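**Student:** please work out how this folds:
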Amino acid sequence: MPFMHGTMPLRRTFFYLQQGKIKFRDNVAVFSMGYHRKGEGPLSGAKEFVFWHWAQLQFHNPNVQLVKDMDKVITPYAKAFLKDGREVLFDLEGLNREEIENELIQTLGKTELVVKRESLEKMAALNPASFGSGCERQCMCEVQGQHACTALLHAPQVMTGKWRWNHNLI
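**Tutor:** Model (predicted):
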């Protein structure tokens, strides 16, 4: 299989996608990056950044439109369009991929405190024991192994409270 050679299998794993550090703030709408594929020396940092981190950016920022401008520019750049109409421009000439990553984290990325808070809120919202309106499950009968809902099937008399106390002893 040709896709199993080189660095491709590593970049396609779920574990690798989760390792991305760049999580854009909520006000970033579009992130564009221009670079030259045959750039060498001080121009190769943007190319390497796209090769190693682009899939991670897509994984961690599903609501942000990511655009690559390949071979259209001489000097590499990154441009972020914010939801309020402002633009943030980065000059990436002479930076390696780690420096580019750190610069994006410091200017457009969420802080560690915000990321932790959002993950805790997500965990609290996804409590599997919760059911009802506004939760993942509407009724308890949707959980595997639970009794069928009495709205759909009649419950046996043994399970109803009326039979327990009102049955006639003969």
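
**Student:** mind checking the longest strand of the protein?
**Tutor:** strand 28-35 (DSSP state E).

**Student:** okay, that strand in CSV with CA atoms only?
**Tutor:** Extracted C-alpha coordinates of strand 28-35, given in CSV (Å, rounded to 0.1, in the frame of the first residue of the first chain):
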residue,chain,number,x,y,z
VAL,A,28,-11.4,33.7,14.3
ALA,A,29,-13.5,33.1,11.2
VAL,A,30,-10.9,32.4,8.4
PHE,A,31,-7.2,31.5,8.6
SER,A,32,-5.2,31.8,5.4
MET,A,33,-1.6,30.8,4.8
GLY,A,34,0.5,31.6,1.7
TYR,A,35,3.7,29.8,1.0
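
**Student:** following that strand, which helix or strand comes up?
**Tutor:** helix 44-60 (DSSP states H and E).

**Student:** what is the next helix or strand after that following helix packed up against?
**Tutor:** Sequence order places strand 65-70 as the next helix or strand after helix 44-60, per DSSP H and E. The contact analysis (3 or more Cβ pairs under 8 Å, 6 or more residues apart in numbering; DSSP states H and E) places strand 65-70 against strand 28-35, helix 44-60. All C-beta spots, glycine's among them, are computed from the backbone N, C-alpha and C.

**Student:** again, only using 6 Å
**Tutor:** When contacts are defined as 3 or more Cβ pairs under 6 Å, 6 or more residues apart in numbering; DSSP states H and E, strand 65-70 packs onto strand 28-35.

**Student:** and the angle from the strand it packs on to helix 44-60?
**Tutor:** Put simply, strand 28-35 runs at 150 degrees to helix 44-60, going by axes from the mean of the first three to the mean of the last three Cα atoms, to 10 degrees.
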